[in-house]
Each structure stands twice: as structure tokens, then as C-alpha cells.
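How does the following fold in three dimensions:
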Amino acid sequence: MQYTKHALALLGAISAIHTAAAQETVKIGHTGPLSGAQAFSGKDNENGARLAIEELNAKPITVGGKKIKFELVSEDDQGDPKAGVQVAQKFIDGGVRYVVGPYNSGVAIPASRAYNDAGALIATVATNPKVTQQGYKGVFRVNASDTQLGSKMALYAAKELKFKTVAVIDDRTAFGQGLAEEFKKQAKIAGLTLAGHEYTTDKAVDFTAILTKLKAKNVEAIFFGGYAPQAAPMARQMKQLGINAKLLGGDTICTAEMGKLGGDAVGENVLCSQGGALLDKAAAGPQFKASFKKRYNRDPDVYAATYYDAAMMYANAMQKVNSTDPAKVGPAISTGAYKGVMGTYAFDAKGDMKESLVTIFNFKGGTPSPITSY
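Sure thing, here's the model as predicted:
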């Protein structure tokens, strides 16, 4: 009897060793602003990625004969290029070879070099065209670029709103500057008159001097290349100064935070462009929203579903090539297509989405309300 107990214990130990050997942990890093004015976006993005990882671990999936346990490693890059590069190095040193983020173009451009040199893959929503113009094979932009976001807003202003005279303000970040330039480029082609281009920072809160200058030029719209923490007080100050022009922007002002910060100064007077189709109209959209709300007790914001898709895209590619080696997974993503919540992720040679709809929103009741997609 005693022998049987020992034998069973030995078999149990062997079984435990075998189980451990048959499991592999894959770290997925999330890098974004988790502190400061943009923390609401960073946390929303992180929540999207976490939801995907929890669902993957609940299955779980098998790759190369091993059950894969995914682990989310999230770091605050503060939306700062220097901090973002430090996060990249920390991830690389910690064995992270799959990354969702960075959120900010100013972070993604320098950090992508570090990830590339280490053979890591990144799936980013950073919109500046330069992100994918560096020639790095492991960089995938999982949404529309500034070229699409800025140009389609300019087209909408010219063709649908019938505006003639516009002005531009940008916050001098890589994102804001890039977005503003793309808007200007298309605005000129569409026949809009550019009455002025003013500059601010991503820390400013007082835009009175700039707005007063633009008020004198009787512009019908002001396009702002920047983020919601600046766009919201800008909208308030436009109202205070009696400026009736529309405030236009990109995806970073297409957020409930814009309505929250701007109050009654943010309504149908504010329009923004966001990459992707409407979540509510996407086949898997309602289910994702329900799952997200159940898990976090709040609705997803701009990019939660995209970050969810990015994590799922990595897992899907691992299964396709039956490997967790990014040197094999990267080419599978480059040449394949993954159907996620927000659409089909298929990339061109640079790592940009082959197709990405842009949706134009205004605000109703403090939240973005879709007008049209094209």
C-alpha cells in the first residue's frame, strides 16, 4: 500500500513536470499614457488588450503542442518619447516580443527602432505617416493614418459642409503636426482657403490670443491637430469669444472625454474623424461592447476594440504558423489577413492597413455621435 502511495506521488510529480513543460507563457506588452491628461485613452486601450488576453487564456489556445498562457505587461510611457524608449528597453530586457502600442506618434517613431532591433513586433494606432515609413518589418499600424484622417476631414468640410475658409492650429507634437499637414494638403486640393496656421503645445490650456487672431479672419472652421485635453478648453474659449466656427479634429478628440471636459461648449459644433467602421454596425461590435461593459462597468472608448483586435491578431498568427517566434509570426501578419471586431486587418508592404474606413462624428449629449463613414 505504501509503495502505491509513493508510486502515485511520483506519477503526480512527473505529470506536473509534463504539464509545466507543455505550457508556454507569452508576454504581450502594452505601452501608452497611463498618467497625465491622456491617461483616459491609455487605460481604455489597456482594458481592450486585457479583455482579449483574458478570453485567450480562458480557452486556451495551443501552439507547437503547448498550451499558451498570455501575460499582459503594461507600462506607462507618459506619452513622452524618452519615456517610451525606456519602456521599449524594459520590455525587450524582460522578454516581451509582442507589443500593443505606443498610442502617441511621438513615442512610436523613436521606440519602433528599439523594438525592430530586438526583433519585437508592434501593433500601433499612432497615425503619423513616418511611423511606417522607417522600413521596419515588425511595425503594423492597426488603424487609419493621418493621411486618411486629416484628408477625409478636409474633404468633408469642403464637400459636405460647403466651407470656403478654414484655419489650422497644431500642438507641435508628431501626431498633431502630421495630422494638421495632411488636412492642409487636402484642403488646398479641395479648394478651401487657408486663412492661417497657428501653433500651441500639448500642455497649453489658454488659446485666447490665437483664437482672437483667427476670429478677425472670419473663418468657418478651425482644424486642431492635437488631443482632447487641449481641444476641450479651446471649444470653451471659442464659445466665450463668440466664435461660431466649427472645431474640427482627428481621432484623439473623438472621445467621451472631450464632451466631459468641454461641457456645453462641445456639441454639433465639434466634428472629428476616426479610423474604422462604426462599432455598433460591425458584426461583432455589440458583443464586444457587452463583454467590455460587463468586465469594466463602462463603455469602450475610441481604440479599446482595436487593441483587443491587435492582441487577438497576434494569437491568430501564432496558431497559423504554429510558433510563438516573432520572426515567423511577423511575416504571417504581413502577408495574411485577420478579421477582427473593427474590420479586416491586412497590411501593405509598409505595414499600413490596405483598407481603413474613416467615420466622421459630431457630439450629442457629450458623446461622439457618428454622421457618416467613407
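
give me the beta-bridge partners of residue 340?
Note on residue 340: beta-bridge partners residue 343, judged by DSSP bridges.

Settle this for me: it is touching residue 314, isn't it.
No - using Cβ atoms under 8 Å, residue 340 makes no contact with residue 314, being 11.3 Å away. In short, each C-beta sits where N, CA and C put it, glycine included.

C-terminal to the helix-or-strand element of the chain with minimal mean pLDDT, which secondary structure element comes first?
For the chain, counting by mean pLDDT, DSSP states H and E, helix 2-21 ranks last in confidence among helices and strands (a mean of 48). As assigned by DSSP states H and E, the chain's next helix or strand after helix 2-21 is strand 23-32.

Figure out how far that following strand is from the centre of its chain.
18 Å (Cα atoms, centre = their mean, to the nearest Å).

Can I get it in CSV, CA atoms only?
Provided in CSV are the C-alpha atoms of strand 23-32 (Å, rounded to 0.1, in the frame of the first residue of the first chain):
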residue,chain,number,x,y,z
GLN,A,23,2.7,25.2,-21.3
GLU,A,24,4.4,28.4,-22.6
THR,A,25,4.0,31.9,-21.3
VAL,A,26,3.9,34.6,-23.9
LYS,A,27,4.1,38.2,-22.7
ILE,A,28,2.2,40.9,-24.6
GLY,A,29,3.4,44.4,-23.7
HIS,A,30,1.1,47.4,-23.6
THR,A,31,2.7,50.9,-23.8
GLY,A,32,0.7,54.1,-23.5
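
Show me what the following helix or strand past that strand is packed against.
Beyond strand 23-32 on the C-terminal side, the first helix or strand identified by DSSP H and E is helix 39-58. Applying 3 or more Cβ pairs under 8 Å, 6 or more residues apart in numbering; DSSP states H and E, one finds that helix 39-58 contacts strand 23-32, strand 66-76, helix 285-296, helix 304-321.

List just the one of those that sits closest to residue 186.
Smallest distance to residue 186 across those (Cβ to Cβ): 23.7 Å, for helix 304-321.

can you give me the angle the closest one makes with strand 23-32?
150 degrees (axes from the mean of the first three to the mean of the last three Cα atoms, to 10 degrees).

buried sites along helix 304-321?
304-318, 321 (16 or more other Cβ atoms under 10 Å).

can you give me the helices for the stretch 101-250 of the chain?
Per DSSP state H, counting those that start in this stretch, the stretch 101-250 of the chain carries helices over the ranges 105-117, 146-155, 174-189, 208-215, 228-240.

Out of those, flag the one nearest residue 125.
Comparing the helices of the stretch 101-250 of the chain under Cβ to Cβ, the one sitting nearest is helix 105-117, at 8.8 Å.

in this structure, which residue is closest to the centre?
Nearest to the mean C-alpha position of the chain, by Cα atoms, centre = their mean, lies residue 125 at 3.4 Å.

Kindly give the local confidence score, pLDDT, for that residue.
pLDDT recorded at residue 125 is 95.

so it makes contact with residue 143?
Yes - between residue 125 and residue 143 there is a contact at 4.7 Å, judged by Cβ under 8 Å.

Between these two, which contacts overlap?
Residues touching both residue 125 and residue 143 by Cβ atoms under 8 Å, 6 or more residues apart in numbering: 251, 275, 303, 306.

mind giving me the domain split of the protein?
Each domain of the chain is listed here as a residue range: 2-143+282-341, 147-275+359-373, per automatic domain parsing.

now the ones you listed in JSON lines, with distance to residue 351?
JSON lines is the format used below for these (distance: least, Cβ to Cβ, whole Å):
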{"stretch": "domain 2-143+282-341", "distance to residue 351": "4"}
{"stretch": "domain 147-275+359-373", "distance to residue 351": "14"}
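
Just give me the lowest mean pLDDT stretch among the ones you listed.
domain 2-143+282-341 (a mean of 91).

Now render the helices and strands packed on helix 39-58 as CSV, adding distance to residue 105.
Formatted as CSV, those follow (distance: least, Cβ to Cβ, whole Å):
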stretch, distance to residue 105
strand 23-32, 12
strand 66-76, 17
helix 285-296, 25
helix 304-321, 15
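
Can you check which of these gets nearest to residue 213?
Nearest of these (Cβ to Cβ): strand 23-32, 34.2 Å.

In that closest one, which residues are buried?
Result for strand 23-32 [16+ other Cβ under 10 Å]: buried residues 26-32.

buried stuff in stretch 163-175?
For stretch 163-175, the neighbour count (16+ other Cβ under 10 Å) marks 163, 166-175 as buried.

Farthest-apart pair in those, please.
Using Cβ to Cβ, the two most remote members of the buried residues of stretch 163-175 are 163 and 174, lying 27.0 Å apart.

got the contact list for residue 361?
254, 271-274, 368-371.

Quickly list what it is bridged to.
residue 272, residue 370.

and the gap between it and residue 69?
Distance, residue 361 to residue 69, using Cβ to Cβ, to the nearest Å: 38 Å.

same thing with residue 333?
For residue 333, the distance to residue 69 - Cβ to Cβ - is 21 Å.

now do residue 114
Between residue 114 and residue 69 the computed distance is 26 Å (Cβ to Cβ).

one step back: just so I know, which of the helices and strands packed on helix 39-58 lies nearest residue 262?
Shortest distance between residue 262 and the helices and strands packed on helix 39-58, using Cβ to Cβ, is found for helix 304-321: 21.3 Å.

Quick one: residues in contact with stretch 280-295.
47-48, 51, 54-55, 278-279, 298-300, 304-305, 308, 340-343.
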